[in-house]
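> Turn this into a structure:
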Amino acid sequence: MSPGVSVPGSSAVPGSPAASGRCLAGRAELAVSPGDPVRRRLCVRPGTVVTLVLRPRPDDKRWKEVRSSAPALVVASGWRPDADGTAHATLRCAGTRGGEALVTVTAGAPDVAGAARPAFTLDVRVVPYAREG
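Numbering: from 1, shown residues only. Sure, this is the predicted structure:
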């Protein structure tokens, strides 16, 4: 299993490409800590709900917001920054569709004007279950 991913109630584990059938399903939690790669890939099945936990940053920047490049496929909701610098978001994947979306989390200094910059990107691939025909 990949570091930082826990899969309560999931029927699969993360890792290999979808061709091997190893995509997350059900509910999962993905933790992002300082020092982790700034870009990750995640394969999920339709209907999967991923809780993204962003640990406090060591610099003076705070997590600002989360956005999905394809909200029809992966909806980012439930954004909640905590006082200690941890932030939480819920990623809900489409119930039947497959495709890819980039989920971007921005960070910025709390006392500096200007736009926050991307600090973490999650490449989400939603892979439908095989149909018998």
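> give me the element the residue lying closest to residue 65 once chain neighbours are set aside is part of.
Counting by CB to CB, 6 or more residues apart in numbering, residue 65 lies nearest to residue 106, which is 5.6 Å off, once chain neighbours are set aside. (C-beta placed from N, C-alpha, C; glycine too.) Assigned by DSSP states H and E, residue 106 belongs to strand 99-108.
> before we move on, back to that, residue contacts, the residue nearest to residue 65?
Contacts for residue 106 were tallied using CB atoms under 8 Å, 6 or more residues apart in numbering; they are 63, 64, 65, 66, 67, 115, 116, 117, 118, 119.
> Quick check: residue 126 touching residue 42?
No. With contact defined as CB atoms under 8 Å, residue 126 does not count as touching residue 42 (9.6 Å).
> Tell me where this protein has strands.
5-6, 27-32, 39-44, 49-54, 62-68, 74-81, 87-93, 99-108, 117-126 (DSSP state E).
> Report the angle between the fourth one and strand 27-32.
Right, strand 49-54. Using axes from the mean of the first three to the mean of the last three CA atoms, to 10 degrees, one finds that strand 49-54 and strand 27-32 are set 20 degrees apart in direction.
> got the angle for strand 49-54 vs strand 117-126?
Regarding strand 49-54 and strand 117-126, their directions subtend 160 degrees when assessed with the same axes, to 10 degrees.
> What distance do you get for residue 61 to residue 70?
Going from residue 61 to residue 70 by CB to CB, to the nearest Å gives 26 Å.
> Residue 80 now?
22 Å.
> if you count what's nearby, which of the two comes out ahead?
residue 70 (16 against 9; other CB atoms under 10 Å).
> residue contacts, that one?
Applying CB under 8 Å, 6+ apart, the residues near residue 70 are 99, 100, 101, 102.
> Give me the buried entries from these.
The neighbour-count test (16 or more other CB atoms under 10 Å) marks residue 101 as buried among these.
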